[in-house]
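Asks: sequence first, then the predicted structure:
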Amino acid sequence: MRYQAREVDIDGRVRLVMESALTARDRVGVQDFVLLENYNSEAAFIENLRRRFRENLIYTYIGSVLVSVNPYKELEIYSKQQMERYRGVSFYEISPHIYALSDNTYRAMRTERKDQCILISGESGAGKTEASKKILLYYAVTCPTNDHMAALGDRLLQSNPVLEAFGNAKTLRNDNSSRFGKYMDVQFDFRGAPVGGHILNYLLEKSRVVHQNHGERNFHIFYQLLDGGDDDLLNTLDLERNPHSYHYLVKGNCPRVSSISDKNNWKAVMKALPVIGFSEEEVQQLLNIVASVLHLGNTQFGEGEEGETYITTETQITNLAKLLGVDGSALGEALTHKKLTAKGEEMISPLSFEQAVSARDALAKAVYGRTFTWLVEKINRSLARKDSSVIGLLDIYGFEVLQHNSFEQFCINYCNEKLQQLFIELTLRSEQEEYEAEGITWETVQYFDNKIICDLIEEKHKGIISILNEECLRPGETCDLSFLEKLEDTLGGHPHFVTHKLANGKTRRAMSREEFRLLHYAGEVNYNVNGTVHCNLTLDQLVMCQSDNQILSHCFRREEVIDQKRPEMAATQFKNSLMKLMEILMSKEPSYVRCIKPNDTKQPGRFDEVLVRHQVKYLGLMENLRVRRAGFAYRRRFEAFLQRYKPLCPETWPNWHGRLIDGVSTLVNHLGYVPEEYKLGRSKIFIRFPKTLFNTEDALEAKKPEMVITIQSGWRGMKARRRANRRRQAADLIRRFIKGFIYRHEEYCLENEYFLDHVRYSFLKNLRKNLPKSVLDKSWPTPPPSVTEASEHLRRLHMKNMVIKYCRRVQPEWKKQMMQKVVASGIFKDQKDNYPQSVGRLFLDSRLEPEQISLKVIQTLGSEKVQYGVPVTKYDRRGFKPRPRQLLLANTFAVLVDRTKIKQRIDYTAVRGISVSSLSDGMIVLHMPNEDNKQKGDAILHCNHVIEVVTKLAMMASKVNYVNISPGSIRFTMPRGKEGIIDFVRGPELKVAKGKRGHLLVVSQQLSRIATCYLLVCF
């Protein structure tokens, strides 16, 4: 366990370090209140809070309950590094923190497969909302996530400004106070990733809609609309910007707050609504409802001579009817008359002036309250609820005692009574289960059971809520004082109920005649009955359920009007919703956060003892502590206890190798524990008194200097031994290396094995860094004699591997090109003068454009496709007259074409051979059989791309081995068995002409010496 104190870094900033709570308890107190020696003393409790608050230690435990004091300043304890520090760590291993509770709850959900919940309570301004935000942030950062989770997180994040706009308000204690209770389920899948959420809202402070105390404001959304809405929107809603123009906004006399920017918050709300899933129509309908509440507040009444009430502001009724989507006359009738049913007959009765004002305010509260509930349901639909494991967060008011406590404070404190009852029940149950699991006898715990107060409020027929319902439903005029009289008659002898009439003289001086007092678990509270009966009444919904506004028609259902059953009163509705909440919490494993505000002025470092004592009492913290301390103050698992305190016993230090329980027993016997001070369970040690633990901790502190000396000497000795071993190993290594160098030319033996192994290793390591990168790179590191054979084998393997990789990367088109080049190399390399010039030039698929080939020729060829075409010059066999032609190669034959006419067809199977000269000319002779009467002898052609044409023709005709390269002359056949000769000579320029003796003379252009040398070097 550690403590968190202050340190100042080089920049002068306060930096927080973690706590070693037991050893620094005199300065910073204990980190767990169960370790307080005088645990029954409220003064000791508050002093421990003060010490820790002074050292910026805002978190303290009461067992598993986390107490949080609002520091009113930023502390550097919420970084991502801090989250990782608490992630996966046992709850009591490090200092108290909201992250420790969050992680412990998350791990319990994952390992035990049981839903969890965290109950956060405290006064307004104590930091409840911030605590819930820190918990959600911890899960967002540390849990697994994906794109869907990120979108869900964005919707959850964007729901905050919307809920705060409609549910938060400025109070005397807090500029952004949540005026509703919120229970949120965060849902996780089997991997522990958050996959959804669901929100339940409780007890929205609807009275704030129509009344605010001096210095307070209505809900934020009204001021945001007036300050941030554009002129066109305000004109549509018939609103003006000045908040003083609206009756519901002037009662607190605080339209502007320096710490709040209503305009910026309005932008945030408008940005968030589409993200949550609101359509433009829904947004407009929602704003219509907000504006209608303001117009409803400005609706004024007059009183006639006979006492009848009428509306004096018809303009407001017109605006209301338009915004609410209802009939104006029906709305006016509902605000000034009430409907009564007696013996099956309906009667319309006019309302008095006071009753009409109350009906108007009731309508405003009902419209706003139900719209807020619809808003929460809408957010829930956007959070994509799924069946999964759940961690619930309950953020609700703490126990409230104000100067004027009304029906709403009664409901809030009733809720806290139920939560206190639940807490005591679950705490005792968990304590008893732990004792039974460890085999320790359970001792009866004395505590105040507040069931008597809960029954006083909720018991059927006799409880306060039942009496209130009966008073509201009885025939005739109901009033608050008659309700108070009935309470006195029914509950007069109850020990926790007092009124002015029933009280003694001293108590009467502190109570008015309109109040009754309840003695809650947290203290006495006086409740004023004025308006209680009215608050409990439900509204006539007939007008609102006929609204054209889709939101209102959803909130005020026609079925509720048609149903002849008696409607539930407000108190009963709250009681039922509270019972459902208790069922939800009972089905989960709870954790608790109790929030305390140190002062009312929000000043950092100021600790108001009176205010803190008030909250300690109303949060029931002393009762919590007494229940937790009823048995044993301290308990730890054997391994943790033994690991920390084993230096105090020679038999357990430095290591214990036996059973853990035997090690702990040996340790506590050596420390002199008496049987009354401790018990050994199956896996934990239980220590009854904090003093026993403190003495053990003090002994450990006294032992630490001796431990430090022992550890230092051991560490220095180990370092010295390591250095000596390294020097010894280095000398032996040098000796072996020198000896191996001397015997390096000998056969592999004991003397040179290390040296030769090193040489081999060095060569292989150097080879790895200098391997050839391409098949054209013929370099290879020179190997030492001992690895020459292995080096050659590796070279061949590497070259083969590079060739395979290269071939796999070759594209089909490039592979075809390379195959043709390989064939050309086999035919012409070192055989024909102009071959080197052709090597660097790509062979084309055709030397003719498609439009150069006659359509008539293509039709004549039929199914045979032209695979290659090239312009050539054909020489007659007699006279050698040149004629321009096109040579077209198909799959099984070639044709010579004169414009649109096929002049000669050459079947590949009939070709006897192909002859070319060894010089740089372009002459080609295709040898044909003499016995074929269709052929007119051998074909004599000239082409500028002789290498390409011969290669393609030889491959397509499968005549690669029939290509003849003649150095001086080529003989060819003519019709009737005659024979001709083509003579080849070198000359300054290319020339083809008839020579002597009737031969065809071809003068081939001689390549320059420079070009010849360059080509020889390159290829």
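Replies: Nice, I can see it. Numbers count the residues shown, from 1 in each chain.
Asks: so what touches the strand or helix carrying Gln285?
Replies: Assigned by DSSP states H and E, Gln285 belongs to helix 280-297. Outside of helix 280-297, the residues within contact range by C-beta atoms under 8 Å, 6 or more residues apart in numbering are 209-210, 221-222, 225, 229, 233, 237-239, 246-249, 270, 273-274, 278, 316, 319-320, 323-325, 360, 363-364, 367-368, 371, 375, 378, 549-552. From N, CA and C alone the C-beta is placed, and that goes for glycine too.
Asks: who are the packing partners of the longest helix seen in the chain?
Replies: Taking DSSP state H as the criterion, the chain has its longest helix at helix 690-742. Applying 3 or more C-beta pairs under 8 Å, 6 or more residues apart in numbering; DSSP states H and E, one finds that helix 690-742 contacts helix 638-645, helix 753-769.
Asks: any chance of CSV for these, columns mean pLDDT?
Replies: Converted to CSV, the helices and strands packed on helix 690-742 look like this (pLDDT from 0 to 100):
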stretch, mean pLDDT
helix 638-645, 86
helix 753-769, 90
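Asks: got the CA positions of the helix holding Gln285 in CSV?
Replies: Written as CSV, here are the backbone C-alpha positions of helix 280-297 (Å, rounded to 0.1, in the frame of the first residue of the first chain):
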residue,chain,number,x,y,z
GLU,A,280,-35.0,17.7,-38.5
GLU,A,281,-38.7,17.3,-37.9
GLU,A,282,-38.1,15.8,-34.4
VAL,A,283,-35.7,18.7,-33.6
GLN,A,284,-38.3,21.3,-34.6
GLN,A,285,-41.1,19.5,-32.6
LEU,A,286,-38.8,19.4,-29.6
LEU,A,287,-38.1,23.1,-29.8
ASN,A,288,-41.8,23.8,-30.2
ILE,A,289,-42.4,22.1,-26.9
VAL,A,290,-39.6,24.1,-25.2
ALA,A,291,-41.1,27.4,-26.5
SER,A,292,-44.6,26.3,-25.5
VAL,A,293,-43.5,26.1,-21.9
LEU,A,294,-42.3,29.7,-22.0
HIS,A,295,-45.6,30.8,-23.6
LEU,A,296,-47.5,28.8,-21.0
GLY,A,297,-45.8,30.7,-18.2
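Asks: average pLDDT across that helix?
Replies: Averaging pLDDT along helix 280-297 gives 91.
Asks: could you do stretch 689-698 as well?
Replies: The model assigns stretch 689-698 a mean pLDDT of 79.
Asks: now do stretch 650-657
Replies: In this model, stretch 650-657 carries a mean pLDDT of 86.
Asks: what's that stretch in contact with?
Replies: Counting by C-beta under 8 Å, 6+ apart, Leu642, Lys646, Pro647, Gly663, Thr666, Leu667, His670 sit against stretch 650-657.
Asks: does Tyr139 sit in a helix, a strand or a coil?
Replies: Following DSSP: H, G, I helix; E, B strand; the rest coil, the label given to Tyr139 is helix.
Asks: list the buried residues of the helix holding Gln285.
Replies: 282, 285-297 (16 or more other C-beta atoms under 10 Å).
Asks: one more: stretch 781-801?
Replies: Pro783, Ser786, Val787, Ser791, Leu794, Arg795.
Asks: closest one of these to Val627?
Replies: In terms of C-beta to C-beta, no member of the buried residues of stretch 781-801 lies closer to Val627 than Leu794, at 78.2 Å.
Asks: returning to what we had before: mind listing which of the contacts of helix 280-297 are in helices?
Replies: Here DSSP H is the test, and those give 209-210, 221-222, 225, 233, 270, 273-274, 316, 319-320, 323-324, 360, 363-364, 367-368, 371, 375, 378, 550-552 as lying in helices.
Asks: what's the PyMOL syntax to select whichever of the residues you listed are buried?
Replies: Only the buried entries of those go into this PyMOL selection, using 16+ other C-beta under 10 Å:
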select buried, resi 209+210+221+222+225+270+273+316+319+320+323+324+360+363+364+367+368+371+375+378+551+552
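Asks: how is the protein carved up into domains?
Replies: As assigned by the TED database, the chain contains the domains 73-406+576-597, 634-714, 752-808, 813-1005.
Asks: could you say which of the ones you listed is packed most deeply?
Replies: domain 73-406+576-597 (a mean of 18; mean count of other C-beta atoms under 10 Å).
Asks: strand partners (parallel or antiparallel) of the strand or helix carrying Ile685?
Replies: Taking DSSP H and E as the criterion, Ile685 maps to strand 684-687. Partners of strand 684-687 in the sheet, by DSSP bridges, are strand 634-637 (antiparallel), strand 678-680 (antiparallel).
Asks: what's next to that strand, contact-wise?
Replies: 438, 440, 631-638, 641, 664, 668, 677-680, 693.
Asks: mind putting the buried residues of stretch 781-801 in CSV, secondary structure and pLDDT included?
Replies: Shown next, in CSV, are the buried residues of stretch 781-801 (DSSP: H, G, I helix; E, B strand; the rest coil; pLDDT from 0 to 100):
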residue, secondary structure, pLDDT
Pro783, coil, 90
Ser786, helix, 83
Val787, helix, 86
Ser791, helix, 91
Leu794, helix, 92
Arg795, helix, 91
